[in-house]
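Undergrad: following is a predicted model, sequence given first.
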Amino acid sequence: MKEKVPKYFTQARACFLLDMPEAEIARISRESGLGRVERVGNEEERYFTYEELQQIGVLAADQMKAVP
């Protein structure tokens with residue numbers, strides 16, 4: 001049986017997959033405009049595609065290179 005691959009990942013799942021803190025992913029997302037935010041009442045959740053996760057990983061790696 002074929003498993004379905006999700007189109008979008010929550011911020012918590014992105015943290016797990018990229019091994020990065022939520023605050024760092026949220027910061028990169030806000031600064032780069034990657035991901036989308038869904039709001040339900042007072043709750044909000046960020047979602048990312050595979051492509052956006054890859055871009056976040058590249059941006060984080062570039063930022064790490066810039067830090068001496």
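TA: Looks like it arrived, so ask away. Numbering: from 1, shown residues only.

Undergrad: who touches the helix or strand bottoming out on mean pLDDT in the chain?
TA: Every helix and strand in the chain was compared by mean pLDDT, DSSP states H and E; the lowest is helix 50-66, with a mean of 88. Residues outside helix 50-66 that contact it (Cβ atoms under 8 Å, 6 or more residues apart in numbering) are 9, 14, 17-18, 20, 24-25, 28-29, 32, 34-35, 48. No exception for glycine: its C-beta is placed from N, CA and C like everyone else's.

Undergrad: so where's the chain uncertain?
TA: Within the chain, the segments meeting pLDDT under 70 span 1-2, 5, 67-68.

Undergrad: which residues of it fall in strands?
TA: Counting by DSSP state E, the chain has strands at residues 9-10, 36-40, 43-48.

Undergrad: about what we covered before: just the buried members of the contacts of helix 50-66?
TA: Neighbour-count burial (16 or more other Cβ atoms under 10 Å) is assigned, among the contacts of helix 50-66, to 9, 14, 18, 25, 28, 29, 34, 35, 48.

Undergrad: which two among these are spaced furthest apart?
TA: Greatest spatial distance in the buried ones among the contacts of helix 50-66: 9 and 28, 14.4 Å, computed using Cβ to Cβ.

Undergrad: now do the buried residues in stretch 43-54.
TA: 46, 47, 48, 52, 53.

Undergrad: the second one pairs with what?
TA: Looking back up the chat, that one is residue 47. Residue 47 forms beta bridges with residue 10, residue 36, as assigned by DSSP bridges.

Undergrad: list the contacts of it.
TA: 8, 9, 10, 11, 35, 36, 37, 38.

Undergrad: repeat for residue 38
TA: 44, 45, 46, 47.
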